[in-house]
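Asks: Task: produce atomic coordinates for the following.
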Amino acid sequence: MGYDPITLAEETRKIVEKGGKRKYYRFRGGRWYGGIATADCVGCNLRCIFCWSNVPRDNPSIGWKFYSPEEVYSSLKRIAERRKYRLLRISGNEPTICWDHLIRVLELVEENGHFNFILETNGIVIGSDRSKAEDLSRFSRVHVRVSLKGTCEEEFSLLTGAKPEAFELQLNALRNLADHNVSAHPAAMLSFSSRENVSRLLDRLREIDPIYAREFEEEYVFLYPHVIERLKRAGITPRTAYEPDRVPEDLI
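Replies: Take a look at the predicted model:
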């Protein structure tokens with residue numbers, strides 16, 4: 001009935017983390033959020049069929065470079081200063097599976113006091129351990145974006161291959177964050193969802209915290225060649241999808 005993403009998180013961490021350092025595959029600037037400096041990490045605990053990350057997600061053991069938190073922050077800071085950004089993030093895969101490494105990066109952001117950090121996460125790790133939300137509550141310059149993989153247990157399992165009940169961990173991440181007053185909002189992949197399922201998800205979010213329903217962000221598939229091939233192999237057709245160079249402004 002699917003893999004356990006908590007188990008996969010730990011198995012992946014052992015590959016991509018060493019001595020406080022984590023594997024990354026690139027550092028870049030980008031147009032998202034109006035301009036943000038990004039460190040793309042290696043390794044994830046989900047196998048989303050629509051994911052734009054390809055080789056770094058599925059082959060974490062091959063020759064990617066380890067970076068310390070200080071090196072990661074320095075690279076992000078350099079990009080942000082050059083491009084006059086105020087936002088930083090770790091993206092590409094799942095930042096939370098190397099928790100101590102992530103926390104040290106966030107400490108450096110807090111100490112500098114000039115930048116804000118967008119923590120993009122599937123929420124599985126935070127949803128499985130309330131102490132993670134407590135850790136994040138220490139920081140004033142972090143906003144958490146929890147990316148829900150579909151609108152319900154069935155969609156989650158179809159799109160990730162993970163066991164359906166792990167979807168509840170994503171919602172539980174939002175509960176934990178709300179309980180600890182951590183700035184956060186949910187996003188959800190809606191390319192494969194009916195209006196009825198979206199409406200039911202919004203009701204569930206409203207029960208956790210009304211602000212989550214108000215600040216709900218829509219996500220849709222971007223049709224990179226390898227994503228098209230994955231979808232084709234799985235026999236799944238998105239209801240709504242976009243070419244990477246034709247993404248509507250309101251989704252950027």
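Asks: Is residue 151 in a helix, a strand, or coil?
Replies: On the three-state scheme (DSSP: H, G, I helix; E, B strand; the rest coil), residue 151 is labelled coil.
Asks: Extract the residue ranges of the chain that are flagged as low pLDDT.
Replies: 247-248, 250-252 (pLDDT under 70).
Asks: what's the spacing between the residue nearest the centre of the chain and residue 239?
Replies: Most central in the chain under C-alpha atoms, centre = their mean is residue 121, positioned 2.8 Å from the mean C-alpha point. From residue 121 across to residue 239, the span is 25 Å (C-beta to C-beta, to the nearest Å). Just so you know, the C-beta spots here come from the backbone N, C-alpha and C atoms, and that holds for glycine as well.
Asks: same deal with residue 211?
Replies: 27 Å.
Asks: try residue 27
Replies: Relative to residue 239, and taking C-beta to C-beta, residue 27 is found at 34 Å.
Asks: The two: who's more crowded?
Replies: Set residue 27 next to residue 239 and count neighbours by other C-beta atoms under 10 Å: residue 27 wins out with 17 against 12.
Asks: okay but the more buried one is in contact with residue 41, surely?
Replies: No - contact between residue 27 and residue 41 fails when scored by C-beta atoms under 8 Å: they sit 10.5 Å apart.
Asks: Give the buried residues for the longest strand seen in the chain.
Replies: The residue-count maximum for a strand in the chain (DSSP state E) belongs to strand 21-30. Going by neighbour count (16 or more other C-beta atoms under 10 Å), the buried part of strand 21-30 is 21-25, 27, 30.
Asks: do the same with stretch 172-182
Replies: Neighbour counts over stretch 172-182 (16+ other C-beta under 10 Å) mark 172-177, 180, 182 as buried.
Asks: Make JSON lines out of these and add distance to residue 64.
Replies: Below are the buried residues of stretch 172-182 laid out as JSON lines (distance: C-beta to C-beta, whole Å):
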{"residue": "172", "distance to residue 64": "31"}
{"residue": "173", "distance to residue 64": "26"}
{"residue": "174", "distance to residue 64": "31"}
{"residue": "175", "distance to residue 64": "34"}
{"residue": "176", "distance to residue 64": "30"}
{"residue": "177", "distance to residue 64": "29"}
{"residue": "180", "distance to residue 64": "32"}
{"residue": "182", "distance to residue 64": "30"}
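Asks: quick one: the helices in the stretch 101-250 of the chain?
Replies: 124-128, 130-136, 153-160, 167-179, 195-208, 210-214, 225-234 (DSSP state H, counting those that start in this stretch).
Asks: which helices and strands sit right next to the third one?
Replies: In other words, helix 153-160. The contact analysis (3 or more C-beta pairs under 8 Å, 6 or more residues apart in numbering; DSSP states H and E) places helix 153-160 against helix 167-179.
Asks: what's next to the helix it packs on, contact-wise?
Replies: 5-6, 121-124, 126-128, 130, 132-133, 136, 144, 146, 148-150, 152-153, 156-157, 184, 186, 204-205, 208-209, 212 (C-beta atoms under 8 Å, 6 or more residues apart in numbering).
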